[in-house]
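> return atomic coordinates for the entry below.
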Amino acid sequence: MKRSTLLPLLLLSLTVACSRRLDSTALGLQYEPPSGMALRTEEPGPSAVAHFNGGLELRSVEGKPPALDAPPEEVLRAAGVPVPGNRVNATQGTLPAGPVARYEFQKGTSRTLVYFLPRPERSVLVLYTAPERDYGPGSSRVELSLSTLKPTR
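Below is the predicted model of the structure:
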């Protein structure tokens, strides 16, 4: 092969290899996690779960979701997720993917951020857990990345 042919192929393969975007049929969504939080594992379900480096997790839970204004403990229980400590904050807002509830929990020196996105026949949860010292910068990066969250069903 000529050098002029190899360079575009090399650049294309580097672009594909460096892509962090998750396109999951099991989760029914597309998402680009923050840098440094690469996908580690994906479990198909019945509640599909994607685990990322750095304490990030995405869950897609089938079935009618709780109401957006339901208590966080009820939302987590419906998703089969243990309550990760004492609730520090609970608010509602909107992402490009739709209306969300945002919760923060603290247990010892660990903090957890939870976003709850109810869909018609399922719910999507984004969970980020980190030690207190890493929580601020990490949670900011996770929240910025939520603009890339796109349900596909």
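> so what's the gap between stretch 142-150 and the chain middle?
On the basis of CA atoms, centre = their mean, to the nearest Å, stretch 142-150 is displaced by 8 Å from the centre of the chain it belongs to.
> contacts for the strand or helix carrying residue 104, please.
Assigned by DSSP states H and E, residue 104 falls within strand 98-107. With CB atoms under 8 Å, 6 or more residues apart in numbering as the test, strand 98-107 has contacts from 68-70, 72, 75, 83-94, 111-119, 132, 151. For the C-beta atoms, the positions are set from N, CA and C on the backbone; glycine is no exception.
> got any ranges where the protein has weak pLDDT?
For the chain, the stretches with pLDDT under 70 are 1-19.
> need the helices for it, in chain order.
All helices of the chain, identified by DSSP state H, fall at 3-18, 72-78, 132-145.
> if any of the contacts of strand 98-107 are buried, put those into a PyMOL selection.
Of the contacts of strand 98-107, the buried ones go into a single PyMOL selection, burial set by 16 or more other CB atoms under 10 Å:
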select buried, resi 70+72+75+83+84+90+111+112+113+114+115+116+117+118+119+151
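> got the angle for the strand holding residue 104 vs helix 132-145?
Using axes from the mean of the first three to the mean of the last three CA atoms, to 10 degrees, the inter-axis angle of strand 98-107 relative to helix 132-145 is 180 degrees.
> pull out the buried positions in stretch 131-148.
If you call a residue buried by 16+ other CB under 10 Å, then stretch 131-148 has these buried ones: 135, 138, 139, 141, 142, 143, 145, 146, 148.
> dump those residues into TSV; add distance to residue 79 as well.
Below are the buried residues of stretch 131-148 laid out as TSV (distance: CB to CB, whole Å):
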residue	distance to residue 79
135	21
138	21
139	19
141	23
142	18
143	20
145	20
146	17
148	21
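> mind listing what's buried along the strand holding residue 104?
For strand 98-107, by 16+ other CB under 10 Å, it's 100, 101, 102, 103, 104, 105, 106.
> list just the nearest of those residues to residue 58.
Residue 58 lies nearest to residue 100 out of these, by CB to CB, at 13.3 Å.
> each with direction, which strands does the strand holding residue 104 pair with?
strand 86-95 (antiparallel), strand 110-118 (antiparallel) (DSSP bridges).
> could you identify the most distant pair in the buried residues of stretch 131-148?
With CB to CB as the measure, no two of the buried residues of stretch 131-148 lie farther apart than 135 and 148, at 20.9 Å.
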